[in-house]
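Visitor: Sequence isn't available, so here's the structure alone:
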């Protein structure tokens with residue numbers, strides 16, 4: 001499945017695309033848990049960069065949210081989604097290999113973009129980010 005195939009469902013929610021639908025969070029659930037539950041009921045086309053960073057960081061419905069993040073990252077790899085420049089990129093590259101294996105074209109394209117990042121910009125990222133980016137680029141490509 002290519003990147004565009006994943007983007008055809010922008011009018012649907014994760015609850016629709018990633019069954020089963022989640023039950024409402026417990027009354028004593030944390031803010032983060034409530035936020036993730038709420039995001040599963042938002043149309044994919046309405047999810048913003050911060051929402052995608054949250055979902056990816058929590059490893060929720062990665063086959064659906066990584067392509068959305070990828071669409072943004074291919075255009076602006078160091079996008080500041082919520083906390084700092086590059087936070088969405090760093091969340092995305094931390095996604096499990098199994099998620100990237102479903103998206104080999106996006107994986108290849110994102111690796112290529114990462115290799116073009118200016119060294120000065122990479123050095124401005126949080127401690128350890130340059131190493132994470134290098135590991136992502138250097139790891140074996142997903143087989144598909």
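Guide: Received, thanks. Only a predicted model underlies this, so the values are computations on that prediction, with no experimental measurement involved. Residues are numbered from 1 along each chain as shown.
Visitor: Endpoints of stretch 93-112, how far apart?
Guide: End-to-end distance of stretch 93-112 (Cα to Cα, to the nearest Å): 13 Å.
Visitor: next one: stretch 16-30
Guide: End-to-end distance for stretch 16-30: 24 Å, by Cα to Cα.
Visitor: Look up phi and psi at residue 102.
Guide: Dihedral pair for residue 102: phi -80, psi -10, per degrees, to the nearest 10.
Visitor: burial of the nearest residue to it once chain neighbours are set aside, as a residue count?
Guide: The spatial neighbour of residue 102 that comes closest, neighbours along the chain excluded (Cβ to Cβ, 6 or more residues apart in numbering), is residue 63 at 5.2 Å. Every C-beta, even on glycine, is put in place using the N, C-alpha and C of the backbone. Look at residue 63: counted by other Cβ atoms under 10 Å, it has 14 neighbours.
Visitor: dump the residue contacts of residue 63.
Guide: 6, 18, 99, 102, 103 (Cβ atoms under 8 Å, 6 or more residues apart in numbering).
Visitor: roughly how far is the strand or helix carrying it from the heart of the chain?
Guide: Under the criterion of DSSP states H and E, residue 63 resides in helix 62-75. Centroid displacement of helix 62-75 relative to its chain, using Cα atoms, centre = their mean, to the nearest Å, is 6 Å.
Visitor: try stretch 77-92
Guide: Counting by Cα atoms, centre = their mean, stretch 77-92 comes out at 10 Å from the chain centroid.
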